[in-house]
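1. need coordinates for the following:
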Amino acid sequence: MKLTKAILMNLVLLVLFAGAAQATPSTTFWTPMTPDIQSFGVLHIGVDNYFSVNKAVGSGGDPHSLPTDAGLTIGVLPFEKIQMEMGVDYLQPADYPWSFNAKIGFPEGALFKESPALQAGIFNVGTHTNDAAPDALTNGTNQNIVYGLIGKTIPYINCRISAGPYIGNSSVLVNSATGDSQDKGFMVAIDRGFWAVKDKEGNEFNRLVLAADYASGTNQIGGGGVGLYYYFTKDISLLTGPVWFNDSGWNGSWKWTIQLDINTPKLFGKK
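-> Predicted structure coming up:
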């Protein structure tokens with residue numbers, strides 16, 4: 001009964017977030033295609049920057065950078081076999097900077113031996129609805145993208161692969177040139193760790209992680225990237241690499257990203 005009540009309460013919160021409020025949950029690089037979910041009571045702090053390389057200030061209408069994203073994500077279910085996270089992001093510069101996300105799922109091996117990770121989530125749930133024609137570049141931020149994920153670690157090569165479909169708000173996720181709806185697609189990601197080390201407490205982690213992902217669709221989220229994580233500790237990492245986009249009308253030409261990620265000690269729950 002306690003498990004059922006906790007799941008139901010958090011699903012209600014998920015629905016409330018979806019109705020209330022663009023954002024980044026736990027990600028591989030550009031997309032939320034990762035089997036990872038924040039542990040219960042652990043707060044994740046992330047700062048993501050996307051900027052152009054070797055461009056003069058007055059080089060046409062191509063946006064030289066995307067808004068800087070400062071985000072908080074926290075695990076909210078105290079169970080091992082089913083986990084959930086919820087997050088809020090603040091993007092600047094932006095007219096409507098607040099956004100929310102959430103996801104719930106089963107980690108690998110939770111359902112049965114060797115079972116894959118399974119997740120469902122929502123992200124880019126913004127606070128602003130459309131106030132212009134669908135083909136104008138002043139669409140709302142309420143992309144409301146719902147997605148599914150299946151992820152699995154491939155034995156022997158220590159490589160994780162994740163994939164899943166997505167569907168979002170058809171009046172917001174559109175082709176910038178034609179205004180045609182581009183609200184459905186798929187996302188895929190892969191990552192692999194290298195250079196295994198141990199910290200002073202004996203916790204093992206990979207110092208380097210190579211990651212790549214991609215989202216289909218000629219819309220705001222279509223595109224992908226390849227980058228390298230460097231883990232200073234198991235809880236502090238820096239990611240950098242190029243990101244490209246399927247629709248340059250929305251995001252401009254390719255960008256370079258630097259992303260800082262920090263997990264705090266548990267704020268609540270058993271240590």
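2. who's in contact with the longest strand seen in the chain?
-> With secondary structure taken from DSSP state E, the chain has its longest strand at strand 184-198. By Cβ atoms under 8 Å, 6 or more residues apart in numbering, the residues outside strand 184-198 that reach it are 28-29, 31-34, 147, 157-168, 204-217, 219, 222. For the C-beta atoms, the positions are set from N, CA and C on the backbone; glycine is no exception.
3. one more pass at 6 Å, please.
-> 28, 31, 33, 159-163, 165-167, 204, 206-217 (Cβ atoms under 6 Å, 6 or more residues apart in numbering).
4. in strands, which of the residues you listed fall?
-> Per DSSP E, these map to strands at 159-163, 165-167, 204, 206-215.
5. strands of the chain, residue ranges please.
-> 43-51, 65-75, 83-92, 98-106, 117-126, 142-154, 159-167, 184-198, 204-215, 223-233, 236-245, 255-263.
6. hang on, the earlier thing: buried only: go through the contacts of strand 184-198 for me.
-> Buried members of the contacts of strand 184-198, counted by 16 or more other Cβ atoms under 10 Å: 28, 31, 33, 160-163, 166, 206-207, 209-217.
7. wouldn't Met86 be in contact with Ala102 here?
-> Yes - counting by Cβ atoms under 6 Å, Met86 touches Ala102, with 4.4 Å between them.
8. circling back: mind putting the strands of the chain in TSV, distance to Asn175 included?
-> Shown next, in TSV, are the strands of the chain (distance: least, Cβ to Cβ, whole Å):
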stretch	distance to Asn175
strand 43-51	21
strand 65-75	19
strand 83-92	22
strand 98-106	22
strand 117-126	17
strand 142-154	14
strand 159-167	16
strand 184-198	12
strand 204-215	14
strand 223-233	14
strand 236-245	12
strand 255-263	20
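9. Lys270: which of the ones you listed is closest?
-> strand 65-75 (12.7 Å; Cβ to Cβ).
10. measure Ser176 to Val57 for me?
-> When Cβ to Cβ, to the nearest Å is applied, the distance between Ser176 and Val57 equals 23 Å.
11. partner strands of the longest strand of the chain and their direction?
-> According to DSSP bridges, strand 184-198 forms sheet pairs with strand 159-167 (antiparallel), strand 204-215 (antiparallel).
12. include mean pLDDT and distance to Ile236 when you put those strands into JSON lines, please.
-> Converted to JSON lines, the strands paired with strand 184-198 look like this (pLDDT from 0 to 100; distance: least, Cβ to Cβ, whole Å):
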{"stretch": "strand 159-167", "mean pLDDT": "96", "distance to Ile236": "20"}
{"stretch": "strand 204-215", "mean pLDDT": "95", "distance to Ile236": "11"}
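13. in stretch 249-261, what counts as buried?
-> By 16+ other Cβ under 10 Å, the buried positions in stretch 249-261 come out as 249-252, 255-257, 259, 261.
14. go on, stretch 234-252?
-> Neighbour count says stretch 234-252 has 234-235, 237, 239, 241, 243-252 buried, by 16+ other Cβ under 10 Å.
15. and these, which is closest to Thr73?
-> Closest to Thr73, out of all of the buried residues of stretch 234-252 and judged by Cβ to Cβ, is Asp235, at 13.4 Å.
16. for that closest one, give me its contacts.
-> If you count contacts by Cβ under 6 Å, 6+ apart, then Asp235 has Asn263 around it.
17. how much space separates Ala189 from Gly109?
-> Counting by Cβ to Cβ, the gap from Ala189 to Gly109 is 19 Å.
18. more neighbours: those two, which one.
-> In this view Ala189 and Gly109 are compared by other Cβ atoms under 10 Å, and Ala189 has more residues nearby, 26 against 14.
19. partners of the more buried one in the sheet?
-> Residues in beta-bridge contact with Ala189 (DSSP bridges): Ser162, Asp213.
20. repeat for the one 4 residues further on
-> With DSSP bridges as the criterion, the beta-bridge partners of Gly193 are Val209.
21. can you give me the neighbour number for it?
-> Based on other Cβ under 10 Å, the number of other residues close to Gly193 is 17.
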